[in-house]
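fold the following for me, if possible:
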Amino acid sequence: MFLSKPFISKVKGSIQPLSSVTNTIFNNNKCSFTTTTPTKHLSLNNNTTKIPNVNVLLRPKKSPSTLNKKIDKPQKFFTPKTENKMQVIDPSEYTHPFFKLPYEQTIVKIPDFELESGQVLKNPQVAYKTYGKLNETRDNVIVICHALTGSCDVEDWWGPLIGPGKPFDPNIYFIFCGNVLGSPYGSTSPITINPETGRPYGPDFPLTTIRDDVKIHKYILDQLNVKSVEYVVGGSLGGMHAFEWAFFGKEYVHNVVAIATSAYQSAWLIAWNEAQRQCIFCDPNYSNGYYTEDKKPDLGLQNARIQGLMTYRSNISFQKRFDRKIMKVKEVDPKKNNLKSLNALIHNEGNRSLRLDNQKKRKPLPKSQYTKENLILKPYVYSAQSYLRYQADRFVKRFDANCYIALTRKLDSFDISRGRFESVDEALKSIQQNMLVLTIKSDGVFCVEEQEKVVKNVPNSEMHFIKSEDGHDGFLLEFQQVIDYIIGFMKKITPKYPVGQYKLTEDNKPTRTSTFGEVEVEDDEEETEDKSD
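Residues are numbered from 1 along each chain as shown. Below you'll find the predicted structure:
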């Protein structure tokens, strides 16, 4: 049954220590608890499997975050209650290494949670991260919603926007970002343990919706004693979450910032998601989703990621960055690869089983070497091809195929009017919050017309354009424009919070490549190299 508004059930009881797996059974809003033997399996069968090594993706150790530096002016802060219905999971008990990728996040277990579908998640876990402190009135809150393959580690993918003096200033605001259900970064998903079986959910993980995410994240805010939210901000999938947060009402969510997104999933994106899922389904290792950690459908997930990347960028961005640059490939004997001729080797270039392009740190050939011998009589790789392969290889080291399927189905289910109104227009007209909409003309994922529909119908809304040739990913790259628009909106809507101007310079630009975002900190020449293993 679909609910007209997100709703959180109030239950009685307490969570048992996490040394055991706790099952909660609801009966007329009462809880009883059953304790079972602890389990820490990764396999979907009885075989012992290898744990994926993600150390290469973990952040290096660093000093305490500058986001929590001493506040200049004394302020009165509210300390959340220590007794609540959340049980923090110790990092030593994480059941999958992907949970360690978001830097210093918190993962908690909560009582049973009923999904929009009516199915119940037994003691689901929720990953989240907070910055700053609650004020006495518990309303200085910003909720940030991450994109499809992002995490709650906002510093990683939106670092220029969060920190002292920036739009999301922890000296002023209490900032919350929760990881969505189905994501591999800590919240309950296909790779988390199903307490009823002691094994990962895998393909048996139920469909979760964006409404489920905002319900469960509001539950966390309730446990943190948040009274109301000043701003909800999100881009892409996160923007869809921002729309859904608005339906808690203006008394709870005061203002919304929706970036490069839509109020519903279009037929165009439903089709693209289907194409990406089919890539995974065609991988022989997929096994209907019952694969193991040592035999995953990585080729299918790589191909799905390549298709996704082609929607996130634009024609002009690829042309300007890569043009027709050629990468040198290593010499390979066709006969050693079960190929009868050099022609067959050239024909199969890019076949992942051959990996002819797996040299590290190779520079593009100078144009003087664009000869018949190099371009016709030998295998070669265009720089654009090399980039896609590198990004696909990098992606499978930090993501799971079943999670990717679960998240794309979540996207496909999204429509703010579902179960509420006869049309999206009517649903938008019911939104009473002040809303800032940022759009990108080169966006091939969410077209401008979809966002114009929003400002046409939401009474207190305004729209501005992010100037970018990078397509949909522009909202993760054009930091200064996003900063300026958000700060301008904040100054107009909430002048009581003293947000100042912030300008990016060479000294404060991102200094490391993002794990979950689009920032690549490399020089122009190295950006086009193939770094595949």
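
contact partners for residue 145?
Going by C-beta atoms under 8 Å, 6 or more residues apart in numbering, residue 145 touches 177-178, 232-235, 237-239, 241-242, 245. Just so you know, the C-beta spots here come from the backbone N, C-alpha and C atoms, and that holds for glycine as well.

which ones among the residues you listed map onto strands?
Under the assignment DSSP state E, the contacts of residue 145 contribute 177-178, 232-235 to strands.

so the residue lying closest to residue 468 once chain neighbours are set aside: helix, strand or coil?
Closest residue to residue 468 apart from its sequence neighbours, by C-beta to C-beta, 6 or more residues apart in numbering: residue 474 at 3.0 Å. Using DSSP: H, G, I helix; E, B strand; the rest coil, the structure places residue 474 in helix.

list the contacts for residue 474?
Contacts of residue 474 (C-beta under 8 Å, 6+ apart): 260, 440, 442-443, 466, 468.

gap between the two ends of stretch 143-162?
Chord length of stretch 143-162, first to last residue, is 12 Å (C-alpha to C-alpha, to the nearest Å).

got it, and stretch 189-196?
End-to-end for stretch 189-196, by C-alpha to C-alpha: 14 Å.

so, low pLDDT: which residues of the chain?
1-84, 328-340, 342, 345-346, 352-379, 500-501, 504-514, 516-533 (pLDDT under 70).

let's go with 80 and repeat that
1-84, 327-380, 498-533 (pLDDT under 80).

what about the helices in it?
For the chain, the helices defined by DSSP state H cover 154-158, 210-223, 237-245, 267-281, 298-312, 315-322, 342-347, 372-375, 383-396, 401-412, 424-429, 448-457, 479-493, 524-527.

next, the distance between the ends of stretch 457-473.
26 Å.

domain map for the chain?
21-269+399-524, 270-398 (automatic domain parsing).

comparing the ones you listed, which comes out most buried?
Neighbour counts (mean count of other C-beta atoms under 10 Å) averaged over each of these peak at domain 21-269+399-524, with a mean of 19.

what's opposite the residue lying closest to residue 89 once chain neighbours are set aside in the beta bridge?
Spatial nearest neighbour of residue 89, excluding adjacent residues (C-beta to C-beta, 6+ apart): residue 107 at 4.6 Å. Beta bridges link residue 107 to residue 127, judged by DSSP bridges.

how far away is residue 107 from residue 302?
According to C-beta to C-beta, to the nearest Å, residue 107 and residue 302 sit 28 Å apart.

I'd say the residue nearest to residue 89 and residue 86 touch.
No: taking contacts as C-beta atoms under 8 Å, residue 107 lies outside contact range of residue 86: 9.9 Å.

any idea how far residue 241 is from the spatially most central residue of the chain?
By C-alpha atoms, centre = their mean, the chain has its centre lying nearest to residue 150, at 2.0 Å. Going from residue 150 to residue 241 by C-beta to C-beta gives 11 Å.

nearest to residue 515, of the ones in strands among the contacts of residue 145?
residue 177 (14.7 Å; C-beta to C-beta).

who touches the closest one in this structure?
Applying C-beta under 8 Å, 6+ apart, we find residue 177 in contact with 128-130, 143-146, 152-154.

what do you get if the cut-off is 7 Å, keeping everything else the same?
128-129, 144, 146, 152, 154 (C-beta atoms under 7 Å, 6 or more residues apart in numbering).

bridging residues for it?
residue 129.

begin at 19 from here
All right, first residue 19 from here; so that's residue 195.

quick one: it and residue 250, what's the gap?
11 Å.

intersection of neighbour lists for these two?
In contact with both residue 195 and residue 250: no residue, using C-beta under 7 Å, 6+ apart.

beta-bridge partners for residue 162, please?
Applying DSSP bridges, one finds that residue 162 bridges with residue 251.

isn't it up against residue 193?
Yes: between residue 162 and residue 193 there is a contact at 6.5 Å, judged by C-beta atoms under 7 Å.

which residues do these two both contact?
The contact lists of residue 162 and residue 193 share residue 186, where a contact means C-beta under 7 Å, 6+ apart.

can you report phi and psi for the nearest residue to residue 403 once chain neighbours are set aside?
Closest residue to residue 403 apart from its sequence neighbours, by C-beta to C-beta, 6+ apart: residue 368 at 6.7 Å. For residue 368, the backbone dihedrals are phi 100, psi -10 (criterion: degrees, to the nearest 10).

so residue 138 touches residue 132, yeah?
Yes: using C-beta under 7 Å, residue 138 is in contact with residue 132, at 5.2 Å.

for residue 135, give me its contacts.
Residue 135 neighbours (C-beta under 7 Å, 6+ apart): 224-225.

just put the contacts of residue 492 in CSV and tack on distance to residue 496.
As requested, the contacts of residue 492 are exported to CSV (distance: C-beta to C-beta, whole Å):
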residue, distance to residue 496
278, 10
458, 8
460, 11
461, 12
484, 5
486, 5
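
out of the residues you listed, who's nearest residue 448?
residue 278 (22.9 Å).

ok, that closest one - contacts?
With contact set as C-beta under 7 Å, 6+ apart, residue 278 has these partners: 253-254, 257, 456-458, 461, 464, 490, 493.

one more time with 6 Å
253-254, 458, 461, 464, 490, 493 (C-beta atoms under 6 Å, 6 or more residues apart in numbering).

separation between it and residue 486?
Taken as C-beta to C-beta, the span from residue 278 to residue 486 is 10 Å.

list residues touching both of those two?
Joint contacts of residue 278 and residue 486 (C-beta under 6 Å, 6+ apart) are residue 458.
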